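Chemist: I would like to see how this sequence folds:
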Amino acid sequence: MKNIKRVLFIMALALTCGAYGSMAQIYVNVRPPMPRYERVVAPSPRHVWIDEDWEPRGNSYAFVGGHWAEPPRRGARWQGGSWSHTKHGHQWKPGRWH
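Modeler: Predicted structure coming up:
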């Protein structure tokens, strides 16, 4: 009986560890408040302001201040990141160039 319990415990532990190791997304239950930073003058007319953004760090998100960036190609536009709500919690979708 002890051997069966020990085998079941080890199997449950292995399955649990495997499930945690395969998670690729970070979810939060409460979205963190977004601090505000003052925008500085653009380095050139071609530069586009990239708003403040969140980036995943460990098991949470860290706020990264805004910055000026030059578009990767002519006519490209920046689409800012956004929070989406799922059944697991809130998830950050980072911004990208279109």
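Chemist: hey, let's count contacts and neighbours off CA atoms from now on
Modeler: OK.
Chemist: Please report the distance of residue 76 from residue 41.
Modeler: 21 Å (CA to CA, to the nearest Å).
Chemist: So which of these two has more stuff around it?
Modeler: residue 76 (11 against 8; other CA atoms under 10 Å).
Chemist: Doesn't the more buried one belong to a helix?
Modeler: No. Secondary structure assignment (DSSP: H, G, I helix; E, B strand; the rest coil) places residue 76 in coil, not in a helix.
Chemist: how close does it sit to residue 57?
Modeler: 28 Å.
Chemist: low pLDDT regions in the chain?
Modeler: 1-24, 26, 28, 30-37 (pLDDT under 70).
Chemist: Provide the backbone phi and psi angles at residue 43.
Modeler: phi -70, psi -30 (degrees, to the nearest 10).
Chemist: which ones are touching residue 94?
Modeler: 53-55, 80-82 (CA atoms under 8 Å, 6 or more residues apart in numbering).
Chemist: can we see that at 7 Å?
Modeler: 81-82 (CA atoms under 7 Å, 6 or more residues apart in numbering).
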